[in-house]
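K.L.:
Below is the structure, and that's it, no one-letter string:
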C-alpha cells in the first residue's frame, strides 16, 4: 500500500507574479530590489510612502497639507456615491488624497517632494491634488527649495467635472513662477502617467525622467488610433519610445533615482547647496 503525503499549502506573501515576465518570483528578492523583478527588471507599481522611503533621506520627510480632503461639489453618484469612493480609498491607502507632499532631504539637500499614489482613485487629479501640487510649488518658490515630483496618474477626476480640469492651469501657473525664479524642478514619471497630469505639471520639469517601461501619454492608444485613423508604432507611449523621440531626458532605474536626483540638483542649483 502506498501512502501519499498531503501537500502543504504555500504561505501567502512568499511568491508574487511579475507583471512583466509573468513568472512567480520570490517576494523577498523583489523587496530587496525596491519592488523590482529580479528576472526581467519589471518595476512593480508602488505607493506614495514607498516613494518617500526609496527616494528621500530617512527620517527627514515632513508632510504638508495633510488635512486637505476632497469635497463633492457635483454630488456625483454612479454605481457608488463619490463620497463613498473617497472614504473607501482613504481606508484602503491610509492617505487623504492621491498625492503626498512635504519637505525632505535628498542626500543632504533640502527639497520639496511630491509623490502620487495610484491606489487612491487611480491617481486621478481633482481639486485637492491640484491644490496640494500648487502649494508645494509655491513653497518651493518662497523658500528657494528645489522641487521634485513623482507622478503616476490616470488623468483628471471626472467626479469633479470641469473643476478637475482647472487644476492643470493652476499648477502650471505656480510652476511658471518657480521657473521665473530659476529654482530647479525635477519630474519623475512612473507607470502610468497619463491624462491631465501628463498634460500639465509632470511635463514641465527642467529635467524629466521616467522609470523603465513606464506608460506615459495623454489619451489611450485606442482613442488615438480612432482619432487619427492610423496604426500606432510598436511600443508607442512607453518610456523607451518617448526617450528616443525627445519627450524624456533620461530613463532611470528605481534604485538609482535618489542619487541621480541629487547629482542633477548639484548641476542645477550649486549655489543653494548646504
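P.N.:
It's in. Bear in mind that the values here come from a model prediction, so they are computed numbers and not experimental data.
K.L.:
burial of the residue nearest to residue 241 when sequence neighbours are not counted, as a residue count?
P.N.:
Spatial nearest neighbour of residue 241, excluding adjacent residues (Cβ to Cβ, 6 or more residues apart in numbering): residue 235 at 4.5 Å. Every residue, glycine included, has its C-beta placed from N, CA and C. By other Cβ atoms under 10 Å, the residues close to residue 235 number 12.
K.L.:
I'd say residue 235 and residue 243 touch.
P.N.:
No - the pair residue 235 / residue 243 is not scored as a contact, 10.9 Å apart, by Cβ atoms under 8 Å.
K.L.:
still on that earlier bit, kindly confirm my reading that the residue nearest to residue 241 is in a helix.
P.N.:
No - counting by DSSP: H, G, I helix; E, B strand; the rest coil, residue 235 falls outside a helix, being coil.
K.L.:
if I look at it, how far off is residue 217?
P.N.:
12 Å (Cβ to Cβ, to the nearest Å).
K.L.:
From the recorded domain assignment, give the ranges for this protein.
P.N.:
The chain breaks down into these domains under automatic domain parsing: 13-44, 45-269.
K.L.:
possible to save those as CSV with mean pLDDT?
P.N.:
Below are these laid out as CSV (pLDDT from 0 to 100):
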stretch, mean pLDDT
domain 13-44, 95
domain 45-269, 96
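K.L.:
Give me whichever of these is most buried.
P.N.:
Mean neighbours per residue, mean count of other Cβ atoms under 10 Å, is largest over the domains of the chain for domain 45-269, with a mean of 19.
K.L.:
measure that one end to end?
P.N.:
Start-to-end span of domain 45-269 (Cα to Cα, to the nearest Å) is 30 Å.
K.L.:
Residue 225 belongs to a helix, doesn't it?
P.N.:
Yes - assigned with three-state DSSP, residue 225 falls within a helix.
K.L.:
Contacts only, for it.
P.N.:
Residue 225 sits next to 231, 232 when contact means Cβ atoms under 8 Å, 6 or more residues apart in numbering.
K.L.:
Try it again at 6 Å.
P.N.:
Contact analysis of residue 225 by Cβ atoms under 6 Å, 6 or more residues apart in numbering lists residue 232.
K.L.:
Contacts for the host helix or strand of residue 135, please.
P.N.:
Element membership for residue 135, per DSSP states H and E: helix 127-143. The contact list for helix 127-143, computed with Cβ under 6 Å, 6+ apart, reads 65, 68, 70, 97-99, 101, 112, 114, 147, 160, 163, 167, 170-171, 174-175, 177-178, 181, 183, 201.
K.L.:
can you give me the offset of that helix from its chain's centre?
P.N.:
16 Å (Cα atoms, centre = their mean, to the nearest Å).
K.L.:
Please apply the same query to stretch 183-196.
P.N.:
Distance, centroid of stretch 183-196 to centroid of chain: 7 Å (Cα atoms, centre = their mean).
K.L.:
swap in stretch 80-90?
P.N.:
With Cα atoms, centre = their mean, you get 21 Å for stretch 80-90.
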